[in-house]
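# got a sequence here, can you model it:
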Amino acid sequence: MASAAAGGAAKPTVLVAEKLGGAGLEMLEKVANVDCAYGMTPEQLYAKIAQSDALIVRSATKVTRQVFEAAKGKLKVVGRAGVGVDNVDLAAATEYGCLVVNAPTANTVAAAEHGIALMCTLSRNVSQADASMKAGKWERTKYVGVSLVDKTLCIMGFGKVGGEVARRARGLGMHVLAYDPYASEEKARAQGVRLVSFDEALELGDFFSLHMPLTPGTKKMFNDAAFAKMKKGARITNVARGGVIDDDALARALDAGIVAAAALDVFEEEPPQFEGHPLIGRPNVICTPHLGASTTEAQEGVSTEVAEAVIDALQGKLSTTAVNAPLVSAEVLKELAPFVTLAEGLGKAAVTLVADQGFTDINICYSSPRGDDLDSRLLRAMVIKGILEQTTTSNVNLVNADLLAKNRGLRISEVTIRAEGSDVLSSLSVALGTGKSTFSAAVDKTGRIYVEGTVKNATPYLTKVGGFDVELAMQGSVLLCRQRDQPGIVGHVGMALAKSNINISFMTVCRTSRNEEAIMAIGIDDEPNDQTLTDVKAVKGVEEVAVFKDY
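Numbering: from 1, shown residues only. Okay, here's the model as predicted:
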């Protein structure tokens, strides 16, 4: 990208399509011509974008493929003043060589403060007492609260916001535990926080502060089974994502007195359907309309963060907040295309097998005829993407993969082994430095979760799990069974799946030797529910099961 620096070069033009804080505008005006044009129609945007090097938007402006077409290659960067980029066509941006950046960190303190504010409000019944006073009542004895001192706070999701909540909670005299299977023990220990398993957190917590992303693994994580394990009288705040709580299950827990009160800033659907909602309107539930980031300071912080990212992009620097990756040459991308899917799939498969305790080390091994001449940057990024996107909502790509991994306390090592063959890559393996797996057969002799794969006829295959050789096309979902090598198991497992109307697409078995340990991999068209997995586990000879969910 051309720099707007010295030498008489013309300043770039930055089109600001929605209101931006003054501090951010001042930064931009020092290096660029800034055109603030709010409330444009699509046609007006198309006309202006053809003369713009950068575009800054919030959530209202839709940056569609038509916008990139109208720019005719002039647009270098789109800056989103906020976190989500749903209003930007990322595929079109990448196709047209346009970097997309966002502002993911400026809201961290504001969200943490709101979480603490809700927790304090819950503990002392502030909202209910305020409503009572405004109704002309004086009900001191009705709204006796509980103290936060010496109570156990369980932070569910120990990322940036969770870490900030922990700092503030310890200042209030609380004992702080955290559940996050992908958090670093060292990071937690440095903040005076003890990492625990999900079940331990449920059993020990007096207060729960939710900060996990909404992923397939966390959706409705707080359900009837989770609430049943809590202490009677627990209190819950959620400033993360609405979908991590099963609303109906929370309502039942409130009715039963398992949960004394809840405070919700986020909802599965926003704005929610107020009429008939199981939680809104209850006297022991406090609701706010997604105010986590709504402070003057946070909004100013967003403006400077996005301005800095846009300026870096215009000056040809790599942006750590990039959400797409147009930096790989077309030749390299075409050559590595089938292996990109393999790398992401192996990362996803490996992290699916991690137990509650988590991991800190990732080892990636490439077997390639090119040896050390292999450009592995994209493959490395895709492995990290496969791992992290199961645990975070961050967009992971070539630019930010290492930074995101570093922020989570992960250590990544790469080894390239020279191999025979004509393809750019013979095989790829991913090992996670933990022996704590949901599927013990996935742990190799060195005590790591280990998966390996290759590409055959442009299709990625999983070829090894732990010490077992397999051959699985990485498409759809796969059920893994560790079993004794004995007659009848295949049929009985198939019957258990058929009982739940789950179709089998393929099946393969690998054994150590006759009548010894074996693993069976079954391709399935639908994800099995808990009852189906229980039925499979009950088959005589089956010792454990695991599911790879939709590569």
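
# residue 15 should be in a strand, yeah?
Yes - under DSSP: H, G, I helix; E, B strand; the rest coil, residue 15 sits within a strand.

# where does pLDDT dip in the chain?
Counting by pLDDT under 70, the chain contains low-confidence ranges at 1-9, 318, 325-333, 357, 393-395, 397-400, 435, 550-551.

# following the longest helix anywhere in it, which helix or strand comes up?
Determined from DSSP state H, the single longest helix within the chain is helix 330-352. Counting by DSSP states H and E, the element after helix 330-352 in chain order, helix or strand, is strand 361-368.

# what's that following strand in contact with?
For strand 361-368, the external contacting residues (Cβ atoms under 8 Å, 6 or more residues apart in numbering) are 374, 376, 379-380, 383-384, 387, 405, 410-419, 424-433, 448. In short, each C-beta sits where N, CA and C put it, glycine included.

# so which of the residues you listed sit within strands?
Among the contacts of strand 361-368, the ones falling in strands (DSSP state E) are 411-418, 427-432.

# just the buried subset of these, written out for PyMOL, thanks.
Only the buried entries of the ones in strands among the contacts of strand 361-368 go into this PyMOL selection, using 16 or more other Cβ atoms under 10 Å:
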select buried, resi 412+416+427+428+429+430+431+432
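
# tell me which of the ones in strands among the contacts of strand 361-368 is nearest to residue 20?
residue 412 (35.7 Å; Cβ to Cβ).

# the closest residue in space to that closest one that isn't next to it in sequence: neighbour count?
Using Cβ to Cβ, 6 or more residues apart in numbering and skipping the chain neighbours, the partner closest in space to residue 412 is residue 362 (4.7 Å). Other residues near residue 362 number 23, with proximity taken as other Cβ atoms under 10 Å.

# with residue 270 instead?
By the criterion of other Cβ under 10 Å, residue 270 has 9 neighbours.

# that one in helix, strand or coil?
What three-state DSSP gives for residue 270 is coil.

# the closest residue to it other than its chain neighbours: neighbour count?
Distances taken as Cβ to Cβ, 6+ apart put residue 290 closest to residue 270, at 6.1 Å, once the chain neighbours are dropped. When neighbours are counted by other Cβ under 10 Å, residue 290 registers 15.

# the one 4 residues further on now?
Residues contacting residue 294 under the criterion other Cβ under 10 Å number 15.

# for it, which non-adjacent residue is closest in space?
Closest residue to residue 294 apart from its sequence neighbours, by Cβ to Cβ, 6+ apart: residue 110 at 7.2 Å.

# still on that earlier bit, could you measure from the residue nearest to residue 270 over to residue 365?
Distance of residue 290 to residue 365, computed by Cβ to Cβ, to the nearest Å: 44 Å.

# check residue 473 too.
22 Å.

# now do the SS call for residue 445.
Per three-state DSSP, residue 445 ends up coil.

# contacts only, for the residue lying closest to it once chain neighbours are set aside.
Sequence neighbours aside, residue 467 is the residue nearest to residue 445 in space, at 6.5 Å (criterion: Cβ to Cβ, 6+ apart). Taking Cβ under 8 Å, 6+ apart, we find residue 467 in contact with 441, 444-445, 450.

# and the helix or strand containing residue 472 with helix 330-352, angle?
Under the criterion of DSSP H and E, residue 472 resides in strand 468-473. Per axes from the mean of the first three to the mean of the last three Cα atoms, to 10 degrees, the angle that strand 468-473 makes with helix 330-352 is 120 degrees.

# contact partners of the helix or strand following strand 468-473?
Later in the chain than strand 468-473, the nearest helix or strand by DSSP H and E is strand 477-484. Residues from elsewhere that reach strand 477-484, judged by Cβ under 8 Å, 6+ apart: 439-441, 462, 465, 472, 489, 493, 497, 515-528, 536, 541-551.
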